[in-house]
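Chemist: dropping the sequence and predicted coords here.
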Amino acid sequence: MPDARAGQDLAGGAPRRGGALGAAPSRAAAPSVTGGAAAPSVTGRHRQPGLVLTDHHFDVPLDHDDPTGEHIRVYAREVVAARREHDELPWLVYLQGGPGFPAGRPVGRESWLDRALEDYRVLLLDQRGTGRSTPATRQTLPLRGTPAQQADYLAHFRADAIVRDCEHIRRRLTGGRPWTVLGQSFGGFCAVTYLSRAPEGLAEVLITGGLPGLDTDADTVYRAAYPRMERKTLAHYDRYPGDEAAARRIAAHLAAHEEVLADGTRLTVEAFQQLGILLGTDDGSHRLHYLLEDAFADTADGPRLSDAFGEEVAAILSRAHCPLYALLHEAIYAQDGEATHWAAERVRAEFPQFDRFDGSDGFDESDQHHTGGARFLFTGETVHPWMLHTHPALRPLRRTAELLAERKGWTPLYDAGQLARNTVPVAAAIYHDDLYVDTAHSLRTARAIRGLRTWVTDEYEHDGVRAGGRAVLDRLLRLVRDEA
């Protein structure tokens, strides 16, 4: 679940390019020393004003059930306040939203990190396949062999494997002591898997916008998501009434003209609708408005979408930095052994209002108000097979994506019995009418995890842990410590 930003920050999973293919021989695990002594995992150290940043690389099994088999590399960045560099501090590991996004790259004590550094030594994990961990992209995946071999490889990149990576790393860094997990969005899904599979590794769990349905399949997720997308679109038009006329004009243009963005993305009406992903973030409605208000340029061939508009749209829609978001997005909901079969595409047919726009009926552009008939609706938090043709970073991976959509045998990610017996302190922020994660599903899960304390709020959108600065993390820490 991304936060739809052109540059990734410390919350949500928005685009940031980076990463290098790296595969090194495995080495025996050895604990590192908290507070300054360089561990075998340390590969670099840097300073920013007020911060000390340490690079760690870990060799982990591709398949943790086969520890002597192939290994891949996982990268994590340790962050500590400069004045506490040599202190014995507890660890907090941050699990990024996604799937398929690396952790944010900090510049100073920004956002939630400022609060975390008061109490913790923070580890920003690039989950397997992302960022500086052994990357999985259109450039690297062909090294795995055929599309079938690529799909088999990527089947090891779900939350259960991420949790086992965390446990491998925890034993290296903490000498076996449990640590705190902060999970944002998909990172919260991973945290619930952690509570299910390895609670002994956890001191506390903090979840922001990331309580999954324990038994909801992909069809159920999208059946709940499309009405939210519609509500968010109409609320945006209430805020900016002229934007529906602007959106309709752009969609009508795309229906009549082929537009290819600078990065090679074919901007179709369906791709344009996905700009609705912005509506799940704190400032996303405003960003969408500014994007729509100046979309066209007058050219010798008549009005065309401006280069500036195209560049910004390309940054939002690109999957070059996060192909796993498209390849594994529906697989994060697969637990019943059945294939997902492009659930978002199939379920969309149950909501024909998303396909009724014809560019003309029911709208008077002169007064910029809807006059009846079909509305133009944005979408967002969905992945579709047509993206394998429109997005250049996904085209070479088309068959791999199809095989993952057809794949059966997915195993459960959550253990309801273990969660009902939970003894780990847990606190979760649930955002009212969250675009990306269904509130009702989250509340049911909250009731199923013993001892979990919830904070339900409409003050923030899905990226509240970023937009709220220190406030959201501070609130969760007070909850989990019984101080609120």
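Modeler: Great, that's in hand.
Chemist: just the pLDDT for the closest residue to E200 other than its chain neighbours.
Modeler: Ranked by C-beta to C-beta, 6 or more residues apart in numbering and with sequence neighbours excluded, the top spatial neighbour of E200 is P178, at 6.9 Å. C-beta coordinates here come from the backbone N, C-alpha and C atoms, glycine included. Note for P178: predicted pLDDT of 98.
Chemist: thought P178 was touching L202?
Modeler: Yes - under the criterion of C-beta atoms under 8 Å, P178 makes contact with L202 at 5.4 Å.
Chemist: quick one: furthest residue from the center of this protein?
Modeler: No residue in the chain sits farther from the centre than A300, which is 41.1 Å out by C-alpha atoms, centre = their mean.
Chemist: give me every residue that touches it.
Modeler: Listed by C-beta atoms under 8 Å, 6 or more residues apart in numbering, the contact set of A300 is empty.
Chemist: can you give me the distance of V221 to F378?
Modeler: 18 Å (C-beta to C-beta, to the nearest Å).
Chemist: ok, now H46?
Modeler: Going from H46 to F378 by C-beta to C-beta gives 40 Å.
Chemist: so between these two, which is more surrounded?
Modeler: F378 (22 against 10; other C-beta atoms under 10 Å).
Chemist: and the more buried one, which of the three is it?
Modeler: With DSSP: H, G, I helix; E, B strand; the rest coil as the basis, F378 sits in coil.
Chemist: is it true that it touches R228?
Modeler: No - under the criterion of C-beta under 8 Å, F378 makes no contact with R228, lying 11.3 Å away.
Chemist: secondary structure element holding the residue lying closest to P212 once chain neighbours are set aside?
Modeler: Leaving aside its sequence neighbours, P212 sits nearest to F189 (C-beta to C-beta, 6+ apart; 4.5 Å). Element membership for F189 (DSSP states H and E) is helix 186-197.
Chemist: can you check F272 too?
Modeler: Using DSSP H and E, F272 falls within helix 269-273.
Chemist: report all helices and strands that that helix contacts.
Modeler: The contact analysis (3 or more C-beta pairs under 8 Å, 6 or more residues apart in numbering; DSSP states H and E) places helix 269-273 against helix 243-256.
Chemist: helices or strands next to the helix it packs on in the packing?
Modeler: Packing contacts for helix 243-256, counted by 3+ C-beta pairs under 8 Å, 6+ apart, involve helix 218-239, helix 269-273, helix 284-292, strand 302-305, strand 363-364.
Chemist: buried sites along that helix?
Modeler: Within helix 243-256, the residues that qualify as buried are 243-254, counting by 16 or more other C-beta atoms under 10 Å.
Chemist: dump that helix to CSV, restricted to CA.
Modeler: The C-alpha trace of helix 243-256 is given here as CSV (Å, rounded to 0.1, in the frame of the first residue of the first chain):
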residue,chain,number,x,y,z
ASP,A,243,-11.9,19.0,-11.0
GLU,A,244,-14.6,16.7,-12.5
ALA,A,245,-14.7,18.8,-15.6
ALA,A,246,-10.9,18.7,-15.8
ALA,A,247,-10.8,14.9,-15.3
ARG,A,248,-13.4,14.3,-17.9
ARG,A,249,-11.6,16.5,-20.4
ILE,A,250,-8.4,14.5,-19.9
ALA,A,251,-10.2,11.2,-20.1
ALA,A,252,-12.0,12.2,-23.3
HIS,A,253,-8.7,13.2,-24.8
LEU,A,254,-7.1,9.9,-23.8
ALA,A,255,-10.0,8.0,-25.3
ALA,A,256,-9.4,9.7,-28.6
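Chemist: got the angle for that helix vs helix 284-292?
Modeler: Relative orientation of helix 243-256 versus helix 284-292 (axes from the mean of the first three to the mean of the last three C-alpha atoms, to 10 degrees): 50 degrees.
Chemist: i'd like the first residue to be 25 from this point on
Modeler: Will do, 25 is the new start, and the previous item becomes helix 267-280.
Chemist: quick check: angle from helix 267-280 to helix 242-263?
Modeler: Put simply, helix 267-280 runs at 120 degrees to helix 242-263, going by the same axes, to 10 degrees.
Chemist: from the chain's centroid, how far away is helix 267-280?
Modeler: Put simply, helix 267-280 sits 28 Å off its chain's centre (C-alpha atoms, centre = their mean, to the nearest Å).
Chemist: again with stretch 174-194
Modeler: 16 Å.
Chemist: any idea how far apart the tips of that stretch sit?
Modeler: Using C-alpha to C-alpha, to the nearest Å, one end of stretch 174-194 lies 28 Å from the other.
Chemist: and D111, that one's in a helix?
Modeler: No - using three-state DSSP, the assignment for D111 is coil, not a helix.
Chemist: how much space is there between it and T217?
Modeler: In terms of C-beta to C-beta, D111 sits 31 Å off from T217.
Chemist: the two: who's more crowded?
Modeler: Neighbour count, other C-beta under 10 Å: between D111 and T217, T217 has more, with 26 against 12.
Chemist: surely the more buried one and Y438 touch.
Modeler: Yes - using C-beta under 8 Å, T217 is in contact with Y438, at 6.3 Å.
Chemist: in the stretch 75-224 of the chain, which spans are strands?
Modeler: Taking DSSP state E, counting those that start in this stretch, the strands of the stretch 75-224 of the chain run over residues 75-85, 95-105, 115-119, 145-150, 203-208.
Chemist: tilt between the third one and strand 95-105?
Modeler: Following the same axes, to 10 degrees, one obtains 120 degrees for the angle between strand 115-119 and strand 95-105.
Chemist: who touches strand 115-119?
Modeler: Here strand 115-119 has contacts from 34, 58, 100, 127, 140, 143-149, 151, 186, 190, 193-194, 197-198, 201, 203-208, 210-212, 214-215, using C-beta under 8 Å, 6+ apart.
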